[in-house]
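K.L.:
this is a predicted model, with the sequence first.
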Amino acid sequence: QVQLVESGGGLVQAGGSLRLSCAASGRAFNHYYMGWFRQSQGKEREFVAAINWSGGFTTYTDSVEGRFTISRDNAKNTVYLQMNNLKPEDTAVYYCAASSGGSASYLRRLQADYWGQGTQVTVSS
């Protein structure tokens, strides 16, 4: 069992930055691919970024490539999402998730074993 708790959301002006954190409790954090997702009001949840067990592989959805960076610290059981040059269209509830599937493709299909409760990010224009 893995429990995930996101933090770091808030209100920021367009062009600003935020860093989200996702703290995991439970065993074997470094056995999971980790991902970030977001859901805007009235829209479906979408994949944002994923990272492999060691942090040596990352992948992003096109709309955040070059602006967002996913990273992890296995010693702290935490995954991060550094978000720079934020845009109003980035406004959403952001969720982290853990997948034992062994590939980022599961996370891209929103297939995960565990989900956090989400943190709100609001970008004003």
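P.N.:
That came in fine, so what should we check first?
K.L.:
which strands and helices sit next to the lowest-mean-pLDDT helix or strand in the chain?
P.N.:
Least confident helix or strand of the chain, by mean pLDDT, DSSP states H and E, is helix 104-108 with a mean of 93. Applying 3 or more C-beta pairs under 8 Å, 6 or more residues apart in numbering; DSSP states H and E, one finds that helix 104-108 makes contact with strand 33-39, strand 46-51, strand 92-99. From N, CA and C alone the C-beta is placed, and that goes for glycine too.
K.L.:
now do the buried residues in that helix.
P.N.:
104, 106, 107 (16 or more other C-beta atoms under 10 Å).
K.L.:
go ahead and confirm the second one touches residue 98.
P.N.:
No. The pair residue 106 / residue 98 is not scored as a contact, 10.5 Å apart, by C-beta atoms under 8 Å.
K.L.:
now the common contact residues for the two.
P.N.:
33, 112 (C-beta atoms under 8 Å, 6 or more residues apart in numbering).
K.L.:
and stretch 77-91, C-alpha only, in PDB?
P.N.:
Taking Å, rounded to 0.1, in the frame of the first residue of the first chain, the C-alpha atoms of stretch 77-91 are listed here in PDB:
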ATOM      1  CA  ASN A  77      10.100   9.200  -0.900                       C
ATOM      2  CA  THR A  78       9.100  12.300  -2.800                       C
ATOM      3  CA  VAL A  79       8.500  13.300  -6.400                       C
ATOM      4  CA  TYR A  80       8.400  16.900  -7.600                       C
ATOM      5  CA  LEU A  81       7.000  18.900 -10.500                       C
ATOM      6  CA  GLN A  82       8.800  22.200 -11.100                       C
ATOM      7  CA  MET A  83       6.500  24.400 -13.200                       C
ATOM      8  CA  ASN A  84       8.000  27.500 -14.900                       C
ATOM      9  CA  ASN A  85       6.500  30.100 -17.200                       C
ATOM     10  CA  LEU A  86       3.000  29.100 -16.100                       C
ATOM     11  CA  LYS A  87       0.000  30.000 -18.300                       C
ATOM     12  CA  PRO A  88      -3.700  30.400 -17.400                       C
ATOM     13  CA  GLU A  89      -4.400  27.200 -19.300                       C
ATOM     14  CA  ASP A  90      -2.200  25.300 -16.700                       C
ATOM     15  CA  THR A  91      -4.900  26.000 -14.100                       C
END
